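Asks: Generate a structure from the sequence data that follows.
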Amino acid sequence: MTIRASGFTFLRNAVKLDYPAVESIRSVLPIVDEFIVNIGPSDDGTEDLVRSINDPKIKIIHSQWNPNLVQGGYIYAQQTNIALFNCMGKWAFYIQADEVVHDKDLPVLDELMKKCEDDDRIEGLALNELTFWGDYNTIINVYPWRYGHRCWIVKPHKFVLSRGDASGFTVHPKYKERGRRIRVVDSGARVFHYSFIKPLSALAEKYKTVFNYWSDQLEKKQAEELTRSYYKSWFPRQFIGRYEGNHPSVMQKRIEQYPIKLDLNSPEWRTKLSWYERKKLIQTWLIRRLGDQWFTQSYKLVRI
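Replies: Residues are numbered from 1 along each chain as shown. This is a model prediction of the structure:
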């Protein structure tokens, strides 16, 4: 069988960390011919969870996680690349375990992959990120959590590698070279980021695990404060907005069962802004008018 498009992700302890991994994988399955799931050492039934999807497109591989790789979240890029290297398609669609693609956007992405398949100017497709905060009706309205792009669909045969903490991709025509920005088309499609929709106990467990792979003490301190604080104090009220749209259909059951609802009119919201937060609001205002291509070094937009 000719494989035109692959999907890929990596997982570890997805059950314990309450990731919507099943919904994430299912959201991409309709437009790929195979889906590679790289499963790291897990003790919570993660592999059984993936197998419960019961789709012949899914191919499970296993990997080890190096306990000495604790700089900057680089192990996430390593595990992403292990999955990517197993993709056989001309395109490879990356999705992280806390992200879901809207079913209404799948035809757009499928058509763009067909249109750009033989265009050597284009090495990837970018999606618009929507990041939710606390519940499914509340969104973070500042860059990069909104109005930014994620290059999640790439041409693996163009020497593409995941970089940093798996937040993007670079192109390495010669493997030992530093690499350059990937050339992408803005698809207009959305990726729904649900990382912060958890009860605080589950959020605490997530950050306890995640920051084992970061050496930055400031990041660790921020994570500890996040798990101890309430949703209304971490981001200021000026960063938060009400989401009026709908969600991917695969998320419907999870949304119905979620117990937390944030009150945006509550006086408990923090409103005092730091200088950093003021800069974020100004940056967001500029990006909404100019686009984020002037503010990112991770990709170069190509117009078709």
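Asks: so residue 240 bridges to which residues?
Replies: Per DSSP bridges, the residues bridged to residue 240 are residue 140.
Asks: Give the burial count for it, as a bare number.
Replies: For residue 240, the number of neighbouring residues by other CB atoms under 10 Å comes to 20. For every residue, glycine as well, the C-beta is placed using N, CA and C.
Asks: Enumerate every residue touching it.
Replies: With CB atoms under 8 Å, 6 or more residues apart in numbering as the criterion, the residues that contact residue 240 are 133, 138, 139, 140, 141, 264, 269.
Asks: and the residue nearest to residue 126 when sequence neighbours are not counted, what helix or strand is that in?
Replies: Counting by CB to CB, 6 or more residues apart in numbering, residue 126 lies nearest to residue 149, which is 4.0 Å off, once chain neighbours are set aside. Here residue 149, judged by DSSP states H and E, is contained in strand 146-154.
Asks: Need the contact partners of that strand.
Replies: 84, 91-95, 109, 113, 123-131, 139-140, 160, 168-169, 182, 184, 186-187, 191, 284, 287-288, 292, 296, 298-299.
Asks: which of those residues count as buried?
Replies: Applying 16 or more other CB atoms under 10 Å to those, the neighbour count classes 84, 91-95, 109, 113, 123-131, 139-140, 160, 168-169, 182, 184, 186-187, 191, 284, 287, 292, 296, 298-299 as buried.
Asks: So which of these belong to strands?
Replies: By the criterion of DSSP state E, membership of these in strands covers 91-94, 124-131, 139-140, 160, 168-169, 182, 184, 186-187, 191, 299.
Asks: Where do the helices of this protein begin and end?
Replies: 21-28, 46-51, 74-84, 106-116, 200-210, 217-228, 231-234, 252-257, 275-290 (DSSP state H).
Asks: Output these as TSV; include the columns mean pLDDT and distance to residue 178.
Replies: Output for these, formatted as TSV (pLDDT from 0 to 100; distance: least, CB to CB, whole Å):
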stretch	mean pLDDT	distance to residue 178
helix 21-28	98	30
helix 46-51	97	34
helix 74-84	94	15
helix 106-116	96	26
helix 200-210	72	27
helix 217-228	55	24
helix 231-234	85	35
helix 252-257	95	41
helix 275-290	93	27
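Asks: which residues of this structure score low on pLDDT?
Replies: Applying pLDDT under 70 to the chain picks out residues 1-2, 70, 175-177, 210-230, 294, 296-297.
Asks: and with 80 instead?
Replies: Where the chain drops to pLDDT under 80, the residues are 1-2, 69-73, 173-178, 199-230, 291-297.
Asks: Point me to the residue sitting farthest from the middle of it.
Replies: Within the chain, the residue lying farthest from the chain centre (CA atoms, centre = their mean) is residue 267, at 31.5 Å.
Asks: rewinding a little: what number of residues lie near the residue nearest to residue 126?
Replies: Residues near residue 149, counting by other CB under 10 Å, number 23.
Asks: same check, this time on residue 119
Replies: Using other CB under 10 Å, residue 119 is surrounded by 13 other residues.
Asks: separation between it and residue 273?
Replies: Computed with CB to CB, to the nearest Å, the distance linking residue 119 and residue 273 is 44 Å.
Asks: in terms of contact, does residue 260 touch residue 199 like I think?
Replies: Yes: look at residue 260 against residue 199 with CB atoms under 8 Å: they come within range, at 6.8 Å.
Asks: End to end on stretch 293-302, go ahead and measure it.
Replies: Stretch 293-302 has an end-to-end distance of 10 Å (criterion: CA to CA, to the nearest Å).
Asks: so how far is it off the chain centroid?
Replies: Distance of stretch 293-302 from its chain centroid, counting by CA atoms, centre = their mean, to the nearest Å, is 18 Å.
Asks: Contacts made by it with the rest, please.
Replies: For stretch 293-302, the surrounding residues in contact (CB under 8 Å, 6+ apart) are 121-122, 124, 126, 143, 148-149, 151, 163, 167-170, 181-186, 283, 286-287, 291.
Asks: go on, stretch 158-170?
Replies: For stretch 158-170, with CB under 8 Å, 6+ apart as the criterion, the contacting residues are 72-74, 76-77, 79-81, 84, 92, 94, 96, 123-124, 150-151, 154, 171-173, 175, 179-182, 298-299.
Asks: Out of these, which end up buried?
Replies: Burial of the contacts of stretch 158-170 was assessed by neighbour count (16+ other CB under 10 Å); the buried members are 73-74, 76-77, 79-81, 84, 92, 94, 96, 123-124, 150-151, 154, 171-172, 179, 181-182, 298-299.
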